[in-house]
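Student: Model the following, please.
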Amino acid sequence: MSDMVPSLPFPMHPKMHEDQTLAFTAKEDEEERRHIQKVQNAFQYYRRYAYIRVNKTEAYLNSLSAEDQRLLSKYRSHLDNVRSCIDCNQSVICEILRDRVLYPTSDGDTDIELDEAPDHVRHGDMDQTNFLVDGHDDDVVVADDVDVEPLKILKAQSTLKLIARDWSAECAIEREQSYKPIIDSIEEYYKPSDYKLNEIKILVPGAGLGRLTYELACRGYACEGNEFSYFMLIASNFVLNLCDYENKHVLYPWVHQYVNNMRRADQVASVRFPDVCPVRNPPKGNIEMAAGDFLEVYKSPNAYNCVATCFFIDCANNVIDFVRTIYKILVPGGIWVNLGPLLYHYSDINGQNSIEPTYEDLIIIMESIGFDILSSRSGIRTKYAQNPQSMKQSEYQSLFWVCRKPPKDYMKAQQTSEARERDNKEPPDLIVNQSSDHDVDLETEVQPKQT
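Tutor: Okay, the predicted model is just below:
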C-alpha cells in the first residue's frame, strides 16, 4: 500500500450540475474570491493582533511601581514565553496557508507574503462555526489603522483550538464524549456483518476539522464531510492531506487564555498534531470533503444512508430547514444520528433572524416531518474545545438521538391507507364535523415507537 493518499478535493461548489455551473456568474465568483481572501487575511493577521494583546499587558506592567514590577518579574518572563508561543502558532499558520488549494488565484499571482496583510480587512458573511472561545471579545484589541472584525480574529484563534480538539492526543477524551456515541450507533444499525460498508453512504454536515468523517471512513463506510466555514476547510485540508507523519507540528492552543490559569505553564502548554496521520493511515472507506452551505448543496432526495451531525443543528437560523433537508436526502430506512446542545448560534446576533425551539419542540418537529425516533437521550456530558487545565470548565448536557426515515414498505402502506380513507369519506355536504377526531386518530396511528 502506498504511503500517500490522493489529495482530497475542496471544490467551491462540489454538488453543482453542469447547467448550474454555467449559471454561476463572474460576479458570484468574485464574491467567493473576496470571502476566501478575508479568511486568509484573518489568519495572516494572527500574530499582529495576538502581539497587541500581550503588549497592552506589558505596557501596564511597565507603569507599575518598581516594587510591583519586582514581584511580577516571573510574570514578565512569562509574557515573553507567550510571544514565543504566538510565533510558533504563526509558523504553523504559514504552513497551513502555503498550500493554496482553496484560493482562487490567477496564473500570474505571486506567493503570499504571510507576515504582511492588506491595509484593510473587512468581515465577511457569518460563518457556521462554533463561537466557543475562552475569554471575551475585548481580549482582541483592534489596531487603529486597520478595519477588521474582532470576530474574524477570534475565529482564527478558535481554529487552532479546534485542531487540538480533533487531532491531538491531549483532547482524546473530549473527542470520545462527542464522537463515540455517534460511531457506536451507526455501527449498531449498519453492522459490518450485515452490510457492504463501502456501499453505506454517510454525510457529516458541519464536519469542522474532519476527524469524525475520517473515523467513519476508517471503519469502511463511504463518508462525505460538508463544511461551510473556510477557516475549517483550510485547516482540515492541511491535516488530511499535507501532514505527512504523526505529531509533526507543535501548537499552543491555550495561549490566548489569560484568565483562570493555575500555573503559568498552563497558558503556554503545547499539543502536537496530528495524533493520527491520515496520509500514512488512509481510511478503508472512501472519504470526501465538500465546501458549501448545507441547505444549498444538498438537495437531491434519497441520496444518503446516514446523516451524522455533531454540534451542528443549532447552527441554523431555522432548525426546521435542517430537519427537512436531512429527511429529504436520507434513503427510506436511513438514519439520522445527532449529538450536541441547542446553543442556537444566531440567537441575539444583530442582523440575523433566529428561532430557538426547545427539545420537546424538536421532537414534535421531527415526528411531524416523518421521522421515527428510535432512541433519544439527554444529559450527555460533553465539552467543546476546552483547555483541560483551566480553572473554568464549561460542559454541555447534550442531546443524543437516532431517528429513522421510514422504510419504503411502511411509507407505501401509509400512502395506501390514507388514500383508502380519502375514498371512503362522505361527500363534503354530509360532513357535520370533519375535524379533529380524524386528525387525532391518524396521529396516534403513525406515532413512532419510543425506545
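
Student: in the helix or strand Q37 falls within, what's buried?
Tutor: For Q37, the host element (DSSP states H and E) is helix 26-44. Buried positions in helix 26-44, judged by neighbour count with 16 or more other C-beta atoms under 10 Å: E32, I36, Q37, K38, V39, Q40, N41, A42, F43, Q44. C-beta coordinates here come from the backbone N, C-alpha and C atoms, glycine included.

Student: Tell me the helices and strands packed up against it.
Tutor: Counting contacts by 3 or more C-beta pairs under 8 Å, 6 or more residues apart in numbering; DSSP states H and E, helix 26-44 packs against helix 73-98, helix 150-167, helix 230-237.

Student: Show me what whichever helix or strand comes after that helix is packed up against.
Tutor: Following helix 26-44 in sequence order, the next helix or strand is helix 46-63 (DSSP H and E). On a contact count with 3+ C-beta pairs under 8 Å, 6+ apart, helix 46-63 meets helix 73-98, helix 150-167.

Student: State the mean pLDDT of helix 46-63.
Tutor: Averaged over helix 46-63, pLDDT sits at 96.

Student: CA atoms only: put it into CSV for me.
Tutor: This file holds the C-alpha atoms of helix 46-63, laid out as CSV (Å, rounded to 0.1, in the frame of the first residue of the first chain):
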residue,chain,number,x,y,z
TYR,A,46,-3.0,36.4,13.7
ARG,A,47,0.4,37.3,15.2
ARG,A,48,-0.1,41.0,14.8
TYR,A,49,-3.3,41.0,16.9
ALA,A,50,-2.0,38.5,19.4
TYR,A,51,1.0,40.7,20.0
ILE,A,52,-1.2,43.7,20.6
ARG,A,53,-2.9,41.9,23.4
VAL,A,54,0.5,41.0,25.0
ASN,A,55,1.9,44.4,24.5
LYS,A,56,-1.1,46.0,26.2
THR,A,57,-0.5,43.9,29.3
GLU,A,58,3.3,44.6,29.3
ALA,A,59,2.7,48.4,28.9
TYR,A,60,0.5,48.4,32.0
LEU,A,61,3.1,46.3,33.8
ASN,A,62,5.8,48.9,33.0
SER,A,63,3.6,51.6,34.5
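
Student: Now do the buried residues in it.
Tutor: When neighbours are counted by 16+ other C-beta under 10 Å, the buried residues of helix 46-63 are found to be Y46, R47, R48, Y49, A50, Y51, R53, V54, E58.

Student: The first one and I93 touch, don't they?
Tutor: Yes - distance between Y46 and I93: 5.6 Å, which falls inside the contact criterion (C-beta atoms under 8 Å).

Student: The helix holding Q37 versus helix 46-63: what angle between them?
Tutor: Angle, helix 26-44 to helix 46-63, by axes from the mean of the first three to the mean of the last three C-alpha atoms, to 10 degrees: 40 degrees.

Student: Can you give the distance of helix 26-44 from its chain's centre?
Tutor: Between the centre of helix 26-44 and the centre of its chain there are 20 Å (C-alpha atoms, centre = their mean, to the nearest Å).

Student: Just the angle for that helix relative to helix 150-167, thanks.
Tutor: Computed by the same axes, to 10 degrees, the angle separating helix 26-44 from helix 150-167 equals 70 degrees.

Student: okay, the angle between helix 26-44 and helix 73-98?
Tutor: Using the same axes, to 10 degrees, helix 26-44 lies at 150 degrees relative to helix 73-98.

Student: how far off helix 230-237 does helix 26-44 point, in degrees?
Tutor: Using the same axes, to 10 degrees: helix 26-44 against helix 230-237 is 70 degrees.
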